[in-house]
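Asker: heads up, no residue letters with this:
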């Protein structure tokens, strides 16, 4: 009887060990599968965002897809009509800060490949992407200077900014001398604000005057909104250089 009991105990132990190994293998497979799915999701989100940024500048969808594969190494499927801001917020939850900055730089690099001034709507898409990824305008301004692209100011008859030196043609990242009170007035801020108040004011005004808000209105309305959008963007960047805390 004792021998039988020992045999039963050994058999039970073997069965338990087998079940434990199987459970471990299943758990490991699920973890790896989840990680792979997250990677796939991340690549698909990135491809959809970059595709939307490219077509916002008037590029045909097929050319945008070709550029994604050729220049960005992304062959993931894209979702047409993806909202840049909301999709970028989803991307934040799946990535590190380095990966987020890499996405923003890839977007700037792809946009600048044409060596032509980009439409204001496309620059607005880059701004939306930068903010949604958790960066401020300084990050985008530095990349713009690095890759050397300009944007078209439609409020000045579609001329590049450098075409009108008297009309506020200074680069966004230039630290100009000026009266901060005037920049605060542009952002409709009174008193002595802090950095967060400036950020909040800019986002409120940028949302109101975003080119997408008036794309179905008259040419005059679009030019007026574009001029205001550029004015508040420049004031915001200059104030961020002053209010760092």
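Answerer: Everything's here; your move. Note that the structure is predicted; figures quoted are calculated from it, not measured.

Asker: could you list every helix and strand in contact with the helix or strand hosting residue 104?
Answerer: Under the criterion of DSSP states H and E, residue 104 resides in helix 97-112. On a contact count with 3 or more CB pairs under 8 Å, 6 or more residues apart in numbering; DSSP states H and E, helix 97-112 meets helix 2-55, helix 84-92, helix 120-132, helix 137-147. (Glycine included, C-beta is placed from N, CA and C.)

Asker: what comes up buried for that helix?
Answerer: If you call a residue buried by 16 or more other CB atoms under 10 Å, then helix 97-112 has these buried ones: 100, 101, 103, 104, 105, 106, 107, 108, 110, 111, 112.

Asker: ok, the fifth one - contacts?
Answerer: With contacts defined as CB atoms under 8 Å, 6 or more residues apart in numbering, the neighbours of residue 105 are residue 143.

Asker: after the worst-scoring helix or strand of the chain on mean pLDDT comes which helix or strand?
Answerer: Within the chain, confidence by mean pLDDT, DSSP states H and E is lowest for strand 159-160 among all helices and strands, at a mean of 40. Next helix or strand after strand 159-160 toward the C-terminus (DSSP H and E): helix 180-186.

Asker: which other residues reach that next one?
Answerer: Here helix 180-186 makes contact (CB under 8 Å, 6+ apart) with 190, 193, 231, 232, 235, 236, 238, 239, 242.

Asker: other SSEs contacting the helix or strand harbouring the fourth one?
Answerer: It stands for residue 232. Assessed by DSSP H and E, residue 232 sits inside helix 219-242. Here helix 219-242 touches helix 120-132, helix 137-147, strand 152-153, helix 180-186, helix 195-209, going by 3+ CB pairs under 8 Å, 6+ apart.

Asker: for those, give me JSON lines that also has mean pLDDT and mean neighbour count.
Answerer: Below are those laid out as JSON lines (pLDDT from 0 to 100; neighbours: other CB atoms under 10 Å):
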{"stretch": "helix 120-132", "mean pLDDT": "84", "mean neighbour count": "23"}
{"stretch": "helix 137-147", "mean pLDDT": "79", "mean neighbour count": "18"}
{"stretch": "strand 152-153", "mean pLDDT": "58", "mean neighbour count": "24"}
{"stretch": "helix 180-186", "mean pLDDT": "87", "mean neighbour count": "15"}
{"stretch": "helix 195-209", "mean pLDDT": "85", "mean neighbour count": "17"}
